[in-house]
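Visitor: What follows is a predicted structure for the sequence shown.
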Amino acid sequence: MKIVVQVKLLPSPKAATVLAATLPVCNRAADAASVVAYETGTTSRNELQKLVYARLKAEFGLAAQPAVRTVKKVVDAYTALRANIRAGNLGPEGSKRRRRAESKPIVFRADAAQPYDDRILSWQHDAQTVSIWTVAGRIKGIRYTGHSGQLAMLAKYRRGESDLVHRDGMWFLIATCEVPEAPLNTDPVDWIGVDRGIANLATTSDGDNYQGRRLGRYRRWHARKRAELQAKQTRSATRRAKRRVKREARHAAHVNHEISKEIVAVAQRTGRGIALEELSGIRGRVRPSCDQRATLSSWPFHQLEEHLRYKARRAGVPVIAVDAHYTSQMCPRCGHTARHDRPARDTFSCRRCGLAGPADHVAGVNVRNRARSAWVLVNGPVPQRV
């Protein structure tokens, strides 16, 4: 499976200046190639390279391999645009957003990432340095740093291209690693049901509760600060608000990484699988109050599921999605389902058998029970026709 590893470059001031001059040149070259691709309708990398290769070298001063990588970047951008159009991500045919995307060539930001292959970027893992091509020639001995586990993965499994990225005044290399997956556990002894929510980010059928109060307070604080900055209506305030959005997103991703890592570790250690609620289309199914809409729409439910799934793949833990309807209103002991079984947000109390407990824990148990039934149906013997 593919894992993305990001390392931080530590260039000297002189090297940083040269890197800062390299990205704009590469992206101006990409803009020129993009115009040719748009006007000629060329979708093949080889055909586009025949049209622009000599110009990229002569006019923009790119070496041979950077010119090839720039052409590939342009072709990939148009491939992604066509895929988004086919998927309907830019709206139906004739919509304003789709017309705007199709009516002009793709334009690259001056500091957009630039791909590097092994001919123009070499890694010295023992010394933790890289040698990289720039418009001023090749620079050697640029140090990089990162998490020890990711550095070990980078040294062992890195494959293909790496992207040079400039973000918030810092330089990064983003590399792709082909990490082998662990053998999938096709016969789990049981399942861990995971209920996701806002007050409690995740609650398992084992009773483990990962509360979201701290993250909720952090997000509300950022929302107030963004509102204050937006009220100023200055360019500086807009830039600061964007930085706050990125900081908040990184914090939420970090929390989801910690939760998913712990759940997958427990499932792997105990030989169980992980069961999740199928939450696709949840925004169309629920009717939150006005003050809850922004919170529900921006809450990272999907991100937590993605983290759980890819970590489970690496560990060989099976993951299954089950129906989410009434999981917090159904009694796992007698099956009675009613809205009144949940008199408060955090409380479950069955009106028929008297079972009581935390509502999110009960929901996690119901998710686990549904996973048991679904797994039996999927993996049971095929009935023979008489």
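Guide: The structure has been received and is ready for your questions.

Visitor: which ones are touching the nearest residue to Ile120 once chain neighbours are set aside?
Guide: Excluding the flanking residues, the one nearest Ile120 by CB to CB, 6 or more residues apart in numbering is Trp133, at 3.9 Å. Heads up, the C-betas are built off the backbone N, CA and C, glycines and all. For Trp133, the contact set (CB atoms under 8 Å, 6 or more residues apart in numbering) comprises 63, 65-66, 116, 120-121.

Visitor: got it, and Val74?
Guide: Shown in contact with Val74 (CB under 8 Å, 6+ apart): 30, 33-34, 37, 48, 106.

Visitor: in the protein, which spans are helices?
Guide: Assigned helices in the chain, in chain order: 13-40, 45-60, 64-87, 96-102, 148-157, 213-232, 235-270, 282-285, 290-298, 301-315, 359-379 (criterion: DSSP state H).

Visitor: Nearest to Thr204 among these would be which one?
Guide: Counting by CB to CB, Thr204 lies closest to helix 359-379 out of these; the figure is 5.2 Å.

Visitor: So which bits of the closest one are buried?
Guide: Buried residues in helix 359-379, defined by neighbour count with 16 or more other CB atoms under 10 Å: 359-372, 374-375.

Visitor: Just name the closest of those to Arg250, please.
Guide: Taking these together and measuring to Arg250 by CB to CB, the closest member is Asp360, at 26.1 Å.

Visitor: is it true that the closest one touches Ser328?
Guide: Yes: distance between Asp360 and Ser328: 7.2 Å, which falls inside the contact criterion (CB atoms under 8 Å).

Visitor: Need the overlap of contacts for those two.
Guide: Shared contacts of Asp360 and Ser328, counting by CB under 8 Å, 6+ apart, come down to Asp195.

Visitor: can I see the domain layout of the protein?
Guide: With automatic domain parsing serving as the domain definition, the record reports that the chain contains domains spanning 2-178, 191-212+251-379.

Visitor: that older thread, compile the contacts of Trp133 into CSV and extend it with columns for neighbour count.
Guide: Rendered in CSV, the data for the contacts of Trp133 read as follows (neighbours: other CB atoms under 10 Å):
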residue, neighbour count
Ala63, 17
Gln65, 15
Pro66, 26
Tyr116, 21
Ile120, 20
Leu121, 21
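
Visitor: Would you quantify the distance from Met330 to Thr337?
Guide: Met330 sits 4 Å away from Thr337, going by CB to CB, to the nearest Å.

Visitor: So between the two, which is more surrounded?
Guide: Comparing Met330 with Thr337 by neighbour count (other CB atoms under 10 Å), the higher total belongs to Met330, at 23 against 15.

Visitor: what's the spacing between that one and Asp341?
Guide: With distances taken as CB to CB, Met330 is found 8 Å from Asp341.

Visitor: again with Asp323
Guide: Distance, Asp323 to Asp341, by CB to CB: 18 Å.

Visitor: So between those two, which is more surrounded?
Guide: Of the pair Asp323 and Asp341, Asp341 is the one with more neighbours under other CB under 10 Å, namely 22 against 12.
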